[in-house]
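Asks: based on what follows, work out the 3D shape:
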Amino acid sequence: MSGHGDPHRRPLWHERPAAPAEVGRAADLVRARARGVVDVTRPFLDAAKSWNDPRKKAERRIRRTRRRATLFGAASGSMGVATVTVAATSAPDWIVVGGSGTTVLFAVPAVAAAAAYRRLRAQPLPAATPVRRALPPVGSAAREPIERLAAAERSLHELTGILARSGAVAADDVHDTTRIAAAASAALTEVAHDIVAMERAALGSPAAAVHLSGSIGSTAARLTDGVHQFDGLVAAAALLTAPGSSGSLTALDARRDALQFASDRLEGWAFGLEHLQKP
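Replies: Prediction:
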């Protein structure tokens, strides 16, 4: 008979509950192993993303076209020189004709590749995909602003791609916007590194912490302000992709001016920050 009716029978599945400390250690172990897996696979993921980046693809295509033009051009020139040399030695006509035909055979793809290379070089390169950035430690004053910056960079990359394809903004203006954003992002990243370094120093020395608390706070405020400026640039780019941006020329010009103003303002802020950081 089954022992369900026996009140003194101890269930086979009964085990002693795990202590909170054991649960915490197990959770830490799982997190550590997860971080290890991420650290191992991240280089491969980053390499795959870099290979599929539109800008990298365009650069590889330009290099391949240049190599093709160089290869066929060199082959055509060599065959032309050889044909002239042979003709000067009174070689049979069939050799001269064959050499001339081979020269033309190499010259045609050389000319086509050279024309394709010039056309590709004349086209603006797609904006580079934002690189995966390492976030400051959890609890750092720089953590939240840098998370916002990373999200803003991804948004700006998508928006500048739309603007480049739509022709709403000149290609040179899109390039300038991308360049200014990259420079500002680099400056903001340096500020975040300074904050993390000061936080480490304060953590290691209580005496230093007394003097660093104010510096950390003021530097974090500058970082937050810079990210706010970057968000303003993203918002101005978004306005040019909004419905109706291709309607009235006056409205379109106003939105272009707003993007230019946001770009100039961010560039000026990054320039001032760069000089502020120099000793």
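Asks: for the protein, give me the ranges with low pLDDT.
Replies: Applying pLDDT under 70 to the chain flags the ranges 1-55, 79, 83, 86-88, 90-99, 104, 106, 123-131, 243-249, 274-279.
Asks: and the strand or helix carrying residue 257, what does it pack onto?
Replies: When elements are assigned from DSSP states H and E, residue 257 belongs to helix 249-277. Where contact means 3 or more Cβ pairs under 8 Å, 6 or more residues apart in numbering; DSSP states H and E, helix 249-277 is packed against helix 171-204, helix 206-239. Placement of C-beta: from N, CA and C, glycine included.
Asks: and that helix with helix 171-204, angle?
Replies: 40 degrees (axes from the mean of the first three to the mean of the last three Cα atoms, to 10 degrees).
Asks: just the buried residues of helix 249-277, please?
Replies: For helix 249-277, burial by neighbour count (16 or more other Cβ atoms under 10 Å) applies to 252, 255, 256, 258, 259, 262, 263, 266, 267, 269, 270, 273.
Asks: how far away is the first one from residue 178?
Replies: To tie it back to what came earlier, the one meant is residue 252. Distance, residue 252 to residue 178, using Cβ to Cβ, to the nearest Å: 20 Å.
Asks: reformat the helices and strands packed on helix 249-277 as TSV; add distance to residue 143.
Replies: Output for those, formatted as TSV (distance: least, Cβ to Cβ, whole Å):
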stretch	distance to residue 143
helix 171-204	9
helix 206-239	10
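Asks: could you look up the SS state of residue 141?
Replies: coil (DSSP: H, G, I helix; E, B strand; the rest coil).
Asks: burial measure for it, as a count.
Replies: By other Cβ atoms under 10 Å, the residues close to residue 141 number 19.
Asks: which residues of the stretch 51-200 of the chain fall in helices?
Replies: Assigned by DSSP state H, counting those that start in this stretch, the helices in the stretch 51-200 of the chain fall at 54-88, 93-122, 143-166, 171-204.
Asks: who does the longest one touch, helix- and strand-wise?
Replies: Read that as helix 54-88. Applying 3+ Cβ pairs under 8 Å, 6+ apart, we find helix 54-88 packed against helix 93-122.
Asks: same question, the last one
Replies: Applying 3+ Cβ pairs under 8 Å, 6+ apart, one finds that helix 171-204 contacts helix 143-166, helix 206-239, helix 249-277.
Asks: can you put these in JSON lines and add distance to residue 132?
Replies: Formatted as JSON lines, these follow (distance: least, Cβ to Cβ, whole Å):
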{"stretch": "helix 143-166", "distance to residue 132": "8"}
{"stretch": "helix 206-239", "distance to residue 132": "18"}
{"stretch": "helix 249-277", "distance to residue 132": "22"}
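Asks: quick one: contacts for the closest residue to residue 183 other than its chain neighbours?
Replies: Distances taken as Cβ to Cβ, 6 or more residues apart in numbering place residue 270 nearest to residue 183, at 5.4 Å, with adjacent residues excluded. Residue 270 sits next to 180, 183, 184, 187, 226 when contact means Cβ atoms under 8 Å, 6 or more residues apart in numbering.
Asks: hmm, back to that, out of the helices and strands packed on helix 171-204, nearest to residue 81?
Replies: Checking the helices and strands packed on helix 171-204 against residue 81 by Cβ to Cβ gives helix 143-166 as the closest, at 44.1 Å.
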